[in-house]
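Enquirer: Pasted the sequence and its predicted model underneath.
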Amino acid sequence: MKTRHLFLLLCVASLALSACKNTGPLLPTVSGKAGEIIVVMEKHDWEDTLGSDVRDLLACDCPWLAQKEPLYNLVNVIPSAFAELFKVHRNIILFQVGPQIDSVGIIYKHDVWAAPQCVIQLSAPTAAQASELLKEKGPMIVSSIEQAERDRVIRNTLRYEEYTIYPQIAEIFGGSPHFPSGYKLRKATDTFAWIADDKQAYQDVFVYRYPVEDDPFTLDKIIAHRNAMLQENVPGMFDGTYMTTSEYFAPTLEYLKYRGRDLVQVRGMWEVQNDFMGGPFVSHSFYSPDGSEIIVAEAWVYAPQFDKRQYLRQVESVLYSWEWKAASGTEENQAN
């Protein structure tokens, strides 16, 4: 009898420990394609001004591509059809519109029905008020979805990392992005590195550096250093050809702060001088830890036979995984 009681006690203790370890619900993995959003909205609103405003915000032309591609692909689902099949989607914007709603507001949620999931809920008594809220909070809505898409790429990158690359780049520059499986170190010098994934489309990354000068983060100076660095290190297929910045598409500059790190982002189009190749690029410029150099991490895409939005979004996300290498040999985490 004593043995039986002891066995029961051990079983209860084991179950209790298991319950303590389970700190939250076990959620399914998100479904849906990258760059896709479920918009839960009544059909009459979707076909009227409110739906038009949603499309203007989220399905407008992707601003940094030469060809027309929507910023996101939208799928309208009416509230009565919003069942389990759609609730596990990666990105959901849920509109609650009607006289039963007594206030206007927006709520940002994560991992409601699946993980890693982004859910944005907009509530308003009328469609007109919902439209005003959408216009007011539009930049934050786009930023939240962009961040969610980016974080998924970084999560997968760290899960399936090509571990040999980080230490080689960090040894040269003091830090590096993390790269997913399939990337190869194509070129490395004291000031320039080229990390390539050229399986289906070119989704490549450059890392380079140069000394700090007065007012280093103007667009003209960033582009001038970029062109000089690429002319020296990225030749084209033929003599006298090399990668440079397209003057036809004017580059844009934006100051960002990402998880404690200040950086300058430049978007533009690259081309090959004296040849007919080109595509989009995005670069991050920032100070080295000692402030003596400018470090640039740049992502670019060449995919003439494919849509480029997702290719660029994927490789751009790699830039956000940058981590400085600590003096002890461990990394100072910037990606998480």
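Expert: Sure thing, it's come through.
Enquirer: Could you export stretch 231-243 as PDB, CA atoms only?
Expert: Only the C-alpha atoms of stretch 231-243 are listed here, as PDB (Å, rounded to 0.1, in the frame of the first residue of the first chain):
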ATOM      1  CA  GLN A 231      33.300  50.400 -58.500                       C
ATOM      2  CA  GLU A 232      36.400  48.900 -56.700                       C
ATOM      3  CA  ASN A 233      34.800  45.700 -55.500                       C
ATOM      4  CA  VAL A 234      31.800  44.700 -57.700                       C
ATOM      5  CA  PRO A 235      32.800  44.300 -61.400                       C
ATOM      6  CA  GLY A 236      30.200  43.500 -64.100                       C
ATOM      7  CA  MET A 237      30.400  40.700 -66.600                       C
ATOM      8  CA  PHE A 238      32.400  42.800 -69.100                       C
ATOM      9  CA  ASP A 239      35.500  45.000 -69.100                       C
ATOM     10  CA  GLY A 240      34.700  48.500 -67.900                       C
ATOM     11  CA  THR A 241      31.400  47.500 -66.200                       C
ATOM     12  CA  TYR A 242      30.700  47.700 -62.400                       C
ATOM     13  CA  MET A 243      27.800  48.200 -60.000                       C
END
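Enquirer: list the buried ones in that stretch?
Expert: Neighbour counts using 16 or more other CB atoms under 10 Å place 233-234, 236, 242-243 of stretch 231-243 among the buried residues. In this view, the C-beta of every residue, glycine as well, is placed from N, C-alpha and C.
Enquirer: would JSON lines of the residues you listed with distance to residue 133, pLDDT and secondary structure be doable?
Expert: Shown next, in JSON lines, are the buried residues of stretch 231-243 (distance: CB to CB, whole Å; pLDDT from 0 to 100; DSSP: H, G, I helix; E, B strand; the rest coil):
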{"residue": "233", "distance to residue 133": "48", "pLDDT": "96", "secondary structure": "helix"}
{"residue": "234", "distance to residue 133": "46", "pLDDT": "95", "secondary structure": "coil"}
{"residue": "236", "distance to residue 133": "50", "pLDDT": "82", "secondary structure": "coil"}
{"residue": "242", "distance to residue 133": "49", "pLDDT": "94", "secondary structure": "strand"}
{"residue": "243", "distance to residue 133": "44", "pLDDT": "96", "secondary structure": "strand"}
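Enquirer: Select, from those, the two members most distant in space.
Expert: 233 and 236 (12.0 Å; CB to CB).
Enquirer: For the nearest residue to residue 160 once chain neighbours are set aside, give me its contacts.
Expert: In this structure, residue 160 finds its nearest non-sequential neighbour in residue 181, 4.7 Å apart by CB to CB, 6 or more residues apart in numbering. Remark: with contacts taken as CB atoms under 8 Å, 6 or more residues apart in numbering, residue 181 is in contact with 160-162.
Enquirer: switch to 10 Å and redo it
Expert: Contacts for residue 181 (CB atoms under 10 Å, 6 or more residues apart in numbering) come out as 156-157, 159-163, 197.
Enquirer: how about the residue nearest the centre of the chain, secondary structure?
Expert: Closest to where the C-alpha atoms of the chain average out (CA atoms, centre = their mean) is residue 150, at 2.5 Å. Secondary structure assignment for residue 150 (DSSP: H, G, I helix; E, B strand; the rest coil): helix.
Enquirer: what's near enough to touch it?
Expert: 258, 313-314, 316-321.
Enquirer: who touches stretch 251-259?
Expert: Outside of stretch 251-259, the residues that reach it under the criterion CB under 10 Å, 6+ apart are 63-64, 147, 150, 217-220, 222-223, 226, 245, 262-270, 281-286, 319-320, 322, 333-336.
Enquirer: so what pLDDT did residue 29 get?
Expert: The predicted local confidence for residue 29 comes out at a pLDDT of 94.
Enquirer: Just the ones in strands from the contacts of stretch 251-259, please.
Expert: With strands identified by DSSP state E, the entries of the contacts of stretch 251-259 that belong to them are 245, 262-270, 281-286.
Enquirer: What about these, which one has the most neighbours?
Expert: Scoring these on neighbours with other CB atoms under 10 Å, the highest-scoring entry is residue 281 at 27 neighbours.
Enquirer: Quick one: the strands in the stretch 1-150 of the chain, in order.
Expert: Under the criterion DSSP state E, counting those that start in this stretch, the stretch 1-150 of the chain contains strands at 36-40, 73-77, 91-97, 105-110, 118-124.
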